[in-house]
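>>> would you be able to build a 3D model of this:
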Amino acid sequence: MDLDKKESGYRWIVFSAVLFAYFLIVSQRTAPGLITEQLMNDFQISASTVGMISSIQFLAYAGLQIPVGLLSDRFGPNRFLIIGTLLTGIGSLCYSIAPNEYILIVSRFIVGVGDAAIFVNVVLIMNEWFKGNEFVKLMGMVALIGGIGSLSATLPFSMWISHAGWRVPFLSVSIILIVVSSLLYIVLISKSRKLFKPESQPKPSTPVKRESVWKILRRVVTTRQAWATFLCHFGVVGTYVGFIGSWAVPYGMNVFELTRSSASQLVMYALVGTMIGGPLLGWISSKTGQIKKTYTMVHLIVIIGWVGLFSLNTNPPFLMVLLMLFVLGFGNGASALTFAIVRKSFRMEEVGVVTGFANMGGFLSAVLLPIIFGHVLDFFPKDSVSLGYHYGFIVPVIFALFGFVGILLAKEEKQSDAKKVLPAS
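So this is what the prediction gives:
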């Protein structure tokens, strides 16, 4: 059955449907940041309440990564991707019609629960439908689509909000997500069952005892390779997401005295780097067959980018800052190589939970970095804010070094070894 799937033209329909859902969900992950001030005015709420509304989504996302991985390994990824897309749509729908801040909090929690089920299952579905050499290249495409999704939640979504208010765009996208969840059911389950009937397996003479969840989890979290992927994502993804999502725009406004809209261009340059780096580095690693060597180069690039921003001191040239942010986005685009290492290193029944574990590393870094960066800024008065940002860049430099330790710890599985733990492709 697997061989037929991985050679059929239908897998590209699966790929397109899954990526469209991922694109929409990534856009909704970042779009609420555009309406912070409007929420404060409309609901008469404080900045700390808005922060709680945002953080509840990411707390749900982080807390469910490993459980989702375990359940997806046990019961398959299709239904969890469909349910995750549906929940994201329902959460966004509640968000768009919320009458008070309590519904806003509940709605973002629902979005976080739905979002938690997306990326892990995208990886598992790709693993199920594509061969090893295709998987690495296409994960680069996933990074590209994620970048486009984030990009769409900047200027285009902002213009839509300016024209129609904030409720209509969120309501429209929520309805599309609910429809897409039905489309995913047709593509992944209904139509797929008709085209690829499962082969009948002879019943074993003795019942097969499933390995306990805790045993799997204990084995994974005591594995050097799992921690290597955790640290890789911690260093590459968390530093990028943590800074771009929190301090990039204030950095432009405070250091270069830009308007908010002009400062948002800093984010766009980083996103363009991600959109180029993902497919290009995925293609290079697939062509050479040397994932670790390519990813080691990426981690060095990321360290150079953060060291570069730190070394520009308190009066950085604007063009050099744009270049460094593009470099950091370029490195972030290759973060899908973390999951290429996971795919080659672990048994099929463990890929989901290790994917969740590695993804949690990136999220943990993305949560910690803005907090620590903010504490560094608090040490400096407002008239020395440029100095605060200068020293603040030490934080992502240190975090990026954790990622470099991770790739050094990672073991590149030889092709012959990979075949022992993966089905023939």
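
>>> could I get the phi/psi values of G76?
Main-chain torsions, G76, degrees, to the nearest 10: phi 100, psi 150.

>>> residues in contact with S190?
Residues near S190 by C-beta atoms under 8 Å, 6 or more residues apart in numbering: none. C-betas here are computed from N, CA, C, even on glycine.

>>> now stretch 170-181: buried residues?
By neighbour count on 16 or more other C-beta atoms under 10 Å, the buried set for stretch 170-181 is F170, L171, V173, S174, L177, I178, V180, S181.

>>> ok, now stretch 60-77?
For stretch 60-77, by 16+ other C-beta under 10 Å, it's 60-62, 64-66, 68-73, 76-77.

>>> just checking, which of those comes out lowest on pLDDT?
Within these, A62 has the lowest pLDDT, namely 78.

>>> secondary structure element for that one?
helix 47-63 (DSSP states H and E).

>>> now tell me what touches the following helix or strand past that helix from outside.
Sequence-wise, the next helix or strand downstream of helix 47-63 (DSSP H and E) is helix 65-75. Applying C-beta under 8 Å, 6+ apart, the contact partners of helix 65-75 are 80, 116-117, 120-121, 124, 210, 213, 216-217, 348-357, 359-360, 363.

>>> CA atoms of helix 65-75 as CSV?
Extracted in CSV, the C-alpha atoms of helix 65-75 (Å, rounded to 0.1, in the frame of the first residue of the first chain):
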residue,chain,number,x,y,z
GLN,A,65,2.9,19.0,21.2
ILE,A,66,4.0,15.7,22.8
PRO,A,67,0.4,14.3,23.4
VAL,A,68,-0.5,15.1,19.8
GLY,A,69,2.6,13.3,18.6
LEU,A,70,1.9,10.2,20.7
LEU,A,71,-1.8,10.1,19.6
SER,A,72,-1.0,10.6,16.0
ASP,A,73,1.6,7.9,16.0
ARG,A,74,-0.9,5.5,17.6
PHE,A,75,-4.1,6.4,15.6
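
>>> any idea how far Y251 is from L312?
Per C-beta to C-beta, to the nearest Å, L312 is found 11 Å from Y251.

>>> among the two, which residue is more densely surrounded?
In terms of neighbours (other C-beta atoms under 10 Å), Y251 is the more surrounded of L312 and Y251; the figures are 25 against 17.

>>> that one in helix, strand or coil?
Following DSSP: H, G, I helix; E, B strand; the rest coil, Y251 is assigned to helix.

>>> so it sits right up against G388, yeah?
No: at 10.1 Å, Y251 and G388 do not qualify as touching, with contact defined as C-beta atoms under 8 Å.

>>> and which of the buried residues of stretch 170-181 is nearest G282?
V180 (24.7 Å; C-beta to C-beta).

>>> helix, strand or coil for the closest one?
From three-state DSSP, the assignment for V180 is helix.

>>> and it, what does it touch?
A17, F20, A21, L24, T85, G89.

>>> the second one: neighbour count?
By that I understand F20. 16.

>>> what helix or strand is it on?
helix 10-30.

>>> equivalent analysis for the fifth one, please.
Here T85, judged by DSSP H and E, is contained in helix 78-96.

>>> what is that helix packed up against?
Secondary-structure packing of helix 78-96 (3 or more C-beta pairs under 8 Å, 6 or more residues apart in numbering; DSSP states H and E): helix 10-30, helix 65-75, helix 101-116, helix 119-129, helix 167-185.

>>> can you tell which of these is closest to A153?
helix 10-30 (4.4 Å).

>>> mean confidence score for that closest one?
90.

>>> relative to helix 119-129, how tilted is the helix or strand hosting T355?
Using DSSP H and E, the element containing T355 is helix 351-378. Going by axes from the mean of the first three to the mean of the last three C-alpha atoms, to 10 degrees, helix 351-378 is angled at 140 degrees with respect to helix 119-129.

>>> which one is the most centrally placed residue in the chain nearest to, not counting chain neighbours?
Among the residues of the chain, F119 comes closest to the average C-alpha position under C-alpha atoms, centre = their mean, at 6.8 Å. Nearest non-adjacent residue to F119, counting by C-beta to C-beta, 6 or more residues apart in numbering: N359, 6.0 Å away.

>>> what about I56, how many neighbours?
If you count neighbours by other C-beta under 10 Å, I56 ends up with 19.

>>> how close does it get to F230?
24 Å.

>>> kindly report the same for P67.
16 Å.

>>> pLDDT weak spots in the chain?
Flagging of the chain using pLDDT under 70 yields the residue ranges 1-4, 33, 37, 47-48, 51, 197-213, 260-261, 413-425.

>>> the host helix or strand of V321: how far from the chain's middle?
In the assignment (DSSP H and E), V321 maps to helix 318-333. With C-alpha atoms, centre = their mean, to the nearest Å as the basis, helix 318-333 stands 18 Å off its chain's centre.

>>> quick one: it to helix 351-378, angle?
Going by the same axes, to 10 degrees, helix 318-333 makes 160 degrees with helix 351-378.

>>> starting at the chain centroid, how far to the following helix or strand past helix 318-333?
Note on helix 318-333: by DSSP H and E, the next helix or strand toward the C-terminus is helix 337-345. When C-alpha coordinates are averaged (C-alpha atoms, centre = their mean), helix 337-345 and its chain have centres 15 Å apart.

>>> by contact count, what packs against helix 337-345?
helix 119-129, helix 132-152, helix 224-233, helix 260-288, helix 291-311, helix 351-378, helix 415-421.
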